[in-house]
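1. quick one, what's the 3D model for this:
(chains A and B)
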Amino acid sequence: MSSTTPALELRDLSVGYRTLGVEQLVLRGVSFAIAPGETYGLVGESGCGKSTAAFAALRALARNGFISGGRVLVDGQDVTDLDPAGLRQLRLTKVSMVYQDPGRALNPSMTVARQIAEVYEAVGVRRADALERAEAMLVKVRIPGTGRVMTAFPHQLSGGMQQRVVIAMALAKNPKLLVLDEPTTGLDATVEAEVLDLIEALKQEFATSVLFISHNLAIIERMCDRIGVLYAGSLVEEGVGADLLARPLHPYTMRLLRCLPAAGRRKSDGRLDTIPGFLPPLGSIRTGCVFTPRCDFADAVCRTDAPGPTRVGSQMACCHHIDRATASGRNSLDLAVPVPPTAASFGRPALQVSGVSKTFHVGSHALRAVTDVSLTLRTGETLGLVGESGSGKTTLARLLLGLTAPDPGGRIELDGQPVAGQAKRRSRADQKALQIVFQNPDSALNRSHTVRHLIERSLSRLGGLFGRQRSERLMALVSAVRLTERHLSMRPRQLSGGLKQRVAIARAFAGDPRVVICDEPTSALDVSVQAAILNLLADLQSTAGVSYVFISHDLGVVRYLSDRIAVLYLGRIMEIGPAEDVFNGPHHPYTEALLSAVPDLAELHNGERTARIRLSGEMPSPLAPPPGCVFNSRCPRKIGAICETTEPTLPADADHAIRCHLSREALGRRGGAPPVAADQRYAPVSA
Amino acid sequence: MTGATTLAVADAGLPSTAAHTDPATEPLAAAPSRIGRLLRSGSFMVGAAIVLFWVFCALFGPFVVPYDPYSDDLLNTLAMPSAAHWFGTDQIGRDILSRVIVGAGPILSVAPLATLLATAAGTTLGLLTGYVGGWLDSLIGRLIEVLLALPLIVVALLVLVALGPSSTTVIGVIGIIFTPLIARTVRSAVLSERSLDYVAAAELRGEGALHIMFVEILPNVLPPILVETTVRLGYAIFTVASLSFLGFGIQPPSADWGLAISENYGLMTGGYWWTVSFAAGATASLVVGVNLVADGIQAALE
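-> This next block holds a predicted model:
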């Protein structure tokens, strides 16, 4: 094969699924090609056909899937009609895939060594050599302590390590094409950054072509040479990464980009854009452009004629109205001019927490999930809670709610009055004052009950309302969260993810709460739906004067909604302060690393990328936190012995408090190079 | 209550929600309904046909039988199956076809009632142990283990000997023996529901334990309860027939199948096979029918 043969080429590919005798097309006439060594990104919301495209490329569609038209070529070889032997050869030598959940991609009963060696043995390497090469491969995927990892079983490794092992297995056969399906979606921000660095480095080393699938535009932009945007099974736009995101041509891409609360946007800067309507059900749009029902520029032509690809420079878009769409000015990211934060317009403290800890007992060991947390939340204020998984965010939320009883000694006060540690011991007034919107509405809404029952029950229990008063209030609530009367008779499974979360929000607001805890309320939702929910939360806050504790791993989202931010690490608050101060610095080294780990689309517009700070190692187990400062084992700015012996304190009186031995002047800030000595400077991993 | 009015916010982000949140346009997975899957399941349909046949016999048997199942005909005892007596006659000349038809009655009242009792008691215990947990769970859990360790038929016989055989006692005994089995199934289903956030949300609303168990959790654990109940019904039929055979269940002169086998099995060696075979076949077909229904339900709910 010549060096110009695409590693993967889809030619007018249509794929469908057969359910109960009904055939539905999931991909409709998708064409794209990935050149050797190129990384091609596929983005789109869930249900757009991203994963189907990946599985079609491997000819690994589900049992009821079928290719109804077009061809798939891998390295020039038509694989559409391959027989089982040919398929096996294809998967053995040319393509490999990395899935979203590494825990499920690895065999739990085989050691890492065995699993990687198996790949080599499959291509004909002798058993002894295979083990040797497996270890060499682990070194290539930057796994520290390869000897230990070789003999480990998958459950003994962290998520980030597992994903490295999966990547090692995928690369072991030196494939022409590597398919990565949301490879970092389940990982923490700092681990995600490391894995992305690794993929970038390995791409160079192995000269493999990559099909990179993600819903995260910023990650796609960082990783990919070219990007294709899928909507409802059609490729609506394609182009060189940075260009496409900086100057999108298709109305869907424009809309999608503007849904992101990126570039330092805050709730005071105005509402986020949303995409009205819903993704059309499979096969419901047979003529015209698939985006017509949700498009601002649609007219009669769009309804009748499917737009063909139109090229503009290096970009391609399938749209009849590229001129009108680009002229509308919607194709740029809405870069808000940072407004100086309006100084404390908040009322009295609504919730005060002082010295709250929580210790769990695991066998004979004590696990301190939350250690000595104190914070104040004023009326109408939003406190953002960030930190990696295992940092104690959710435990803290459960402590505030009374779902978990705190250790004796801590105090939780609501409007100056102490509240009981456990929800069932709390007064009705305290119960209704503190409510929560859970992360996963599927779990939070009882699937046996109708929407009406779900909300009415809260209205009578918390609001003390019955009869006509209750129905009036029900209708007001339902319209406040922008549901309609017809939704009332439905059960949760009949609603989409965004609508379910609206029901959960309505329920939390049923008793006019003082404080609502939002535990990653948008992490299960697509960006366009996320934008609508964030708008709703901001609206409800400005009208009802409620305070939020907003937990999220998405720093863009936290920044959009939060007035103050607390950064948690191993159950301790490492930094707390006004949102802009936490983002702009001086920040705690951990905050600095968290901020640096997140790819930011705004950098596209600012030009230069800031140097990245990578944390080495993993978060220590809360069963055995490091002595001294708990962050010292990973801290890029560790100053010496004092970090290992003395735990720094969190100044109680400061508005912006940082738990670090370094002076504020020595801490990093956004933009400017941190004033640290050369020997303390931390070199990025990729260097 | 000021919230009612203040919460109504200007609608700017989601244009005309009424049009856009139209559920008809929502991308919902068109999952076939459970009833639809049941009706497409072959084993369920066959099982249901068998069970319904016997239910019909139990309800309307007395009106459709060719002969009076209880009147003897001493001139015509132990007659071979013939055009006049399709299934033949027994030792005192009673028509076996009529007795098999009417015999569906006692077993189909005792076994389902016993199962119902076990389901009610087992569900309550399962909800209590699963939701409340702690020492209550440990205590009831140990008791259940003790009960499960005892041989079923022996316990039943002991109780029946002590209390004297009657249909009510049989229902009570089988109900109590099956309770721990159902409680165990319900408990494990409750444990996985208990960790879901809707239970936490109910606790945050200040709901009592009874409400959380019976209004929040119970509807969601109905599918496994339904499967377990159907499976238990099959075993209950079998157990009732066994007890009747041993003489501690349904008492003569009932036309019960187990009783018929018990009264006539001595005649098998004499070649009078029809006195036993039809009653045995009827029992077997009912158990198989119920199990087929259970299989179908289980498949449809998964």
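2. residues near residue B:238, how many?
-> Using other Cβ atoms under 10 Å in any protein chain shown, residue B:238 has 18 other residues around it. Bear in mind the C-beta positions are built from the backbone N, C-alpha and C, glycine included.
3. so the closest residue to it other than its chain neighbours, which state does it fall into?
-> Spatial nearest neighbour of residue B:238, chain neighbours left out: residue B:287 (5.6 Å); criterion: Cβ to Cβ, 6 or more residues apart in numbering or on different chains. Following DSSP: H, G, I helix; E, B strand; the rest coil, residue B:287 is assigned to helix.
4. for residue B:287, give its distance to residue B:225.
-> Residue B:287 sits 21 Å away from residue B:225, going by Cβ to Cβ, to the nearest Å.
5. then residue A:172?
-> Taking Cβ to Cβ, one finds residue A:172 at 49 Å from residue B:225.
6. give me the more crowded residue out of the two.
-> For the pair residue A:172 and residue B:225, the greater number of neighbours falls to residue A:172 (24 against 18), based on other Cβ under 10 Å.
7. hmm, that one is touching residue A:138, no?
-> No: in this structure, residue A:172 is not within contact of residue A:138 by Cβ atoms under 8 Å, at 10.1 Å.
8. overlap in contacts of these two?
-> Counting by Cβ atoms under 8 Å, 6 or more residues apart in numbering or on different chains, the common neighbours of residue A:172 and residue A:138 are residue A:116.
9. where are the low-confidence patches of the chain?
-> Using chain A. Confidence mapping of chain A against pLDDT under 70 gives the ranges A:1-3, A:262-264, A:282-283, A:329-345, A:601-611, A:671-687.
10. correction: the question concerned chain B.
-> Those would be B:1-33, if you go by pLDDT under 70 across chain B.
11. one step back: and the residue nearest to residue B:238, how many neighbours does it have?
-> Every residue meeting other Cβ under 10 Å relative to residue B:287 is counted, giving 19.
12. would you mind confirming that it is in contact with residue B:239?
-> No: if you go by Cβ under 8 Å, residue B:287 and residue B:239 don't touch, sitting 10.5 Å apart.
13. residues contacting the residue nearest to residue B:238?
-> B:234, B:237-238.
14. among those residues, which lie within helices?
-> B:234, B:237-238 (DSSP state H).
15. of the residues you listed, closest to chain A?
-> The shortest approach to chain A among these belongs to residue B:234, at 27.4 Å (Cβ to the nearest Cβ).
16. look up how far residue A:363 lies from the nearest residue to residue A:28 once chain neighbours are set aside.
-> The spatial neighbour of residue A:28 that comes closest, neighbours along the chain excluded (Cβ to Cβ, 6+ apart), is residue A:233 at 4.8 Å. From residue A:233 across to residue A:363, the span is 51 Å (Cβ to Cβ).
17. name the residue in the two with the higher neighbour count.
-> Counted by other Cβ under 10 Å, residue A:233 and residue A:363 do not tie: residue A:233 has more neighbours, with 28 against 7.
18. pretty sure that one sits against residue A:27.
-> Yes: using Cβ under 8 Å, residue A:233 is in contact with residue A:27, at 4.8 Å.
19. hey, what's in contact with both of those two?
-> Contacts common to residue A:233 and residue A:27, judged by Cβ under 8 Å, 6+ apart, are A:49, A:52.
20. burial of the residue in chain B positioned nearest to chain A, as a residue count?
-> For chain B, the residue closest to chain A is residue B:219, as judged by Cβ to the nearest Cβ, at 3.4 Å. Neighbourhood size, residue B:219 [other Cβ under 10 Å]: 14.
21. can you pull the contacts of it?
-> Counting by Cβ under 8 Å, 6+ apart, residue B:219 has contacts A:446, A:448-449.
22. now tabulate these in a markdown table and tack on distance to residue B:100.
-> Below are those laid out as a markdown table (distance: Cβ to Cβ, whole Å):
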| residue | distance to residue B:100 |
| --- | --- |
| A:446 | 47 |
| A:448 | 42 |
| A:449 | 47 |
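23. name the residues linked to residue A:178 by a beta bridge.
-> Residue A:178 has these beta-bridge partners by DSSP bridges: residue A:96, residue A:210.
24. residues from the stretch 201-302 of chain B in reach of chain A?
-> Contact residues, the stretch 201-302 of chain B versus chain A (Cβ under 8 Å from any Cβ of the partner chain): B:201-207, B:216, B:219-220.
25. and residue B:254, its phi and psi?
-> The phi and psi values for residue B:254, taken as degrees, to the nearest 10, are phi -50, psi 150.
26. what number of residues lie near the spatially closest residue to it that is not a sequence neighbour?
-> Using Cβ to Cβ, 6+ apart and skipping residues adjacent in sequence, the residue nearest residue B:254 is residue B:106, 5.3 Å away. Neighbour count of residue B:106, defined by other Cβ under 10 Å: 23.
27. secondary structure element holding residue B:106?
-> helix B:96-132 (DSSP states H and E).
28. after that helix, next one along is what?
-> Next along the chain after helix B:96-132, taking DSSP H and E as the criterion, comes helix B:134-149.
29. name the residues of that next one that are buried.
-> Residues of helix B:134-149 classed as buried: B:137, B:140, B:144, B:147 (neighbour count, 16 or more other Cβ atoms under 10 Å in any protein chain shown).
30. report the inter-axis angle for that helix versus helix B:96-132.
-> Here helix B:134-149 points in a direction 150 degrees away from that of helix B:96-132 (axes from the mean of the first three to the mean of the last three Cα atoms, to 10 degrees).
31. show the contacting residues for residue A:547.
-> A:350-351, A:377-383, A:514-516, A:541.
32. please disregard the earlier target; I meant residue A:202.
-> Counted by Cβ under 8 Å, 6+ apart, residue A:202 has contacts A:140-141, A:167, A:171, A:208.
33. what's across from the closest residue in space to residue A:654 that isn't next to it in sequence in the sheet?
-> Once flanking residues are discounted, residue A:654 sits nearest to residue A:577: 7.8 Å by Cβ to Cβ, 6+ apart. Counting by DSSP bridges, residue A:577 is bridged to residue A:565.
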